[in-house]
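Engineer: Sequence plus predicted model, see below.
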Amino acid sequence: MTKKLLLLFLGLSMVGCKSYVQVIETRADNVKTVDDTYVYENVSLRITYNLWRKKRD
């Protein structure tokens, strides 16, 4: 009985393991792009986003 429940649990948990990629386009008036990197700056802060850079080791 416990083996059946364990198999049922494992089977059901595998159903939820789906992966997908969602790509969206964003726009903003106060963001520049420099070398494929988004840059937001004001007088006290600078934030850079590079969403497609390869992961470092």
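Structural biologist: Cool, got the structure. If you're wondering where the values come from, they're calculated on a predicted model, not measured in any experiment.
Engineer: Next one: Glu25 from Leu51, what distance?
Structural biologist: 11 Å (C-beta to C-beta, to the nearest Å). All C-beta atoms are positioned from the backbone trio N, CA, C, and that covers glycine.
Engineer: who's more crowded, these two?
Structural biologist: Leu51 (9 against 4; other C-beta atoms under 10 Å).
Engineer: tell me the SS of the more buried one?
Structural biologist: coil (DSSP: H, G, I helix; E, B strand; the rest coil).
Engineer: Same check on Gly11?
Structural biologist: With three-state DSSP as the criterion, Gly11 reads helix.
Engineer: and it, how many residues sit next to it?
Structural biologist: 9.
Engineer: Could you check the pLDDT of it?
Structural biologist: With respect to pLDDT, Gly11 scores 76.
Engineer: just the one 4 residues further on next, same as before
Structural biologist: Val15 is assigned a pLDDT of 70 by the prediction.
Engineer: what's the spacing between it and Leu8?
Structural biologist: Counting by C-beta to C-beta, the gap from Val15 to Leu8 is 11 Å.
Engineer: Ile24 now?
Structural biologist: The value you get for Ile24 to Leu8, if C-beta to C-beta is used, is 37 Å.
Engineer: and what of Glu41?
Structural biologist: Distance from Glu41 to Leu8, by C-beta to C-beta: 55 Å.
Engineer: What of Met1?
Structural biologist: 11 Å.
Engineer: between the two, who's got more neighbours?
Structural biologist: The neighbour count for Met1 versus Leu8, taken as other C-beta under 10 Å, is higher for Leu8 (10 against 5).
Engineer: secondary structure element for the more buried one?
Structural biologist: helix 2-15 (DSSP states H and E).
Engineer: moving C-terminal of that helix, what's the next helix or strand?
Structural biologist: strand 31-34.
Engineer: and Trp52, how many neighbours?
Structural biologist: 7.
Engineer: Would you confirm that it contacts Tyr38?
Structural biologist: No: the pair Trp52 / Tyr38 is not scored as a contact, 10.6 Å apart, by C-beta atoms under 8 Å.
Engineer: Need the overlap of contacts for the two.
Structural biologist: Shared contacts of Trp52 and Tyr38, defined by C-beta atoms under 8 Å, 6 or more residues apart in numbering, are absent.
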